[in-house]
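Enquirer: Pasting the sequence and the predicted coordinates here, then a few questions.
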Amino acid sequence: MLVATWNVNSVRLRLGNILAWLAERSPDIVCLQEIKCVDEAFPREAFERVGYNVAVHGQKGFNGVALLSKAPFDEVSPGLMGDDSDVQARFIEAIVSVKGGILRVISLYLPNGNPPDTDKYSYKIKWMERLTAFSRERLKLEEPFLLAGDFNVIPAPKDAKSPGNWVNDALFLPKTREKYHALTNLGFTDAIRAVSDDPGLYTFWDYQAGAWPKNEGIRIDHILLSPQAADLLKSAGIDKHVRGWEKPSDHVPVYVDLAIEPR
DNA sequence: ATGGCCAATATGATTGGA
């Protein structure tokens, strides 16, 4: 069973690319970020026509996350616990029935946090603390459980072509990486790092300054696996070639193959 | 030459992204 995540940078502008990639990869579940539209404007029918159920948590203009699933959703819950005043659409949780049990999946868009000397950075850090508190609760359930999305965190120097360019950036500051490790140390497995220690595994290339042709990439889109999900990991990968398509997103899809059969 | 982008919005300049 394939589960993937992709920050698409506008689901409406990227619809053709997304449908082409779905036909090529045929994932069972897809976590989308930066859909950049309200729920009513999400191109739901285009995905239903090719066999997906749709769950959306959008907002006007920016942010927004969604889930696609070939199997129906048993439960869907938008929003991250811990701050009722947070109106940014960055989190959606769902449960899907699979053969022999369930799979719990989160599509998340962690705040960027730049510039670091502003309230944008404190919002990022607080959001990470809320995500850790949420995860601590969910891990107690001992289920196959995935946190997938755009984490806006470069975990280690080898996750950037030029780490020196990022030392003062909210994506790579020591405090950001400390908070990320506080999350992963609860017991998550980084799916990509479980299958490869190689440098040069990137998921984002800026539109600016020729980042793509120079391969100036960073790895910021992650799939974190609960212990029960990690036990099922068969393979993981990054669909890098999608960055070279016409009108690309600046991010590419990341996927895991789990030893689970659809129900 | 040592910079270069993109998307959404009561839009033709601003905001956010990373």
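Expert: Alright, I've got the coordinates.
Enquirer: Around DNA strand B, which positions in chain A sit nearby?
Expert: A:7, A:9-10, A:12-13, A:34, A:36-37, A:60-63, A:111-112, A:114, A:120, A:150, A:152, A:171, A:204, A:206-210, A:218, A:220, A:247, A:250-251 (CB under 7 Å from any atom of the strand). The way it works is simple: take the backbone N, C-alpha and C, and place the C-beta from them, glycine included.
Enquirer: where does chain A have low pLDDT?
Expert: For chain A, applying pLDDT under 70 flags no range at all.
Enquirer: do you know how far the residue nearest to residue A:170 when sequence neighbours are not counted is from residue A:129?
Expert: Of all residues not flanking residue A:170 in the chain, residue A:113 sits nearest, at 3.3 Å (CB to CB, 6 or more residues apart in numbering). Here the criterion is CB to CB, to the nearest Å. By it, residue A:113 lies 13 Å from residue A:129.
Enquirer: Show me which of those two is the more surrounded one.
Expert: Higher neighbour count among residue A:113 and residue A:129: residue A:113, with 24 against 15, using other CB atoms under 10 Å.
Enquirer: Check which helix or strand the more buried one maps to.
Expert: Under the criterion of DSSP states H and E, residue A:113 resides outside all helices and strands.
Enquirer: Tell me which residues touch residue A:22, please.
Expert: Going by CB atoms under 8 Å, 6 or more residues apart in numbering, residue A:22 touches A:30, A:47, A:50, A:52, A:68.
Enquirer: residue contacts, the first one?
Expert: Applying CB under 8 Å, 6+ apart, one finds that residue A:30 lies in contact with A:3-6, A:22, A:52, A:67-69.
Enquirer: Tell me how many other residues crowd residue A:168.
Expert: Residue A:168 - counted by other CB under 10 Å - has 11 other residues nearby.
Enquirer: Now do the same for it: helix, strand or coil?
Expert: Applying DSSP: H, G, I helix; E, B strand; the rest coil to residue A:168 yields a three-state assignment of coil.
Enquirer: Skip the chain neighbours and tell me the closest residue to it.
Expert: residue A:116 is the one closest to residue A:168 (CB to CB, 6+ apart), at 7.1 Å.
Enquirer: State the distance from that neighbour to DNA strand B.
Expert: Separation of residue A:116 from DNA strand B (CB to the nearest atom of the strand, to the nearest Å): 11 Å.
Enquirer: gap between that residue and residue A:94?
Expert: Applying CB to CB to residue A:116 and residue A:94 gives a distance of 33 Å.
Enquirer: Please identify which of those two sits among more neighbours.
Expert: Of the pair residue A:116 and residue A:94, residue A:94 is the one with more neighbours under other CB under 10 Å, namely 21 against 17.
Enquirer: how about the more buried one, secondary structure?
Expert: strand.
Enquirer: Quick check, central residue of chain A?
Expert: In chain A, the residue lying closest to the centroid (CA atoms, centre = their mean) is residue A:149, at 0.8 Å.
Enquirer: Direction included, what does the strand or helix carrying it pair against?
Expert: Take DSSP H and E as the rule and residue A:149 turns out to sit in strand A:145-150. Its sheet considered, strand A:145-150 pairs with strand A:101-109 (parallel), strand A:221-225 (antiparallel) by DSSP bridges.
Enquirer: Next secondary structure after the shortest one?
Expert: Same thing as strand A:221-225. Next in sequence after strand A:221-225, counting helices and strands by DSSP H and E, comes helix A:227-230.
Enquirer: That next one: which residues count as buried?
Expert: By neighbour count with 16 or more other CB atoms under 10 Å, helix A:227-230 contains the buried residues A:228-230.
Enquirer: same check, this time on stretch A:185-193
Expert: So, applying 16+ other CB under 10 Å, buried residues of stretch A:185-193: A:188-193.
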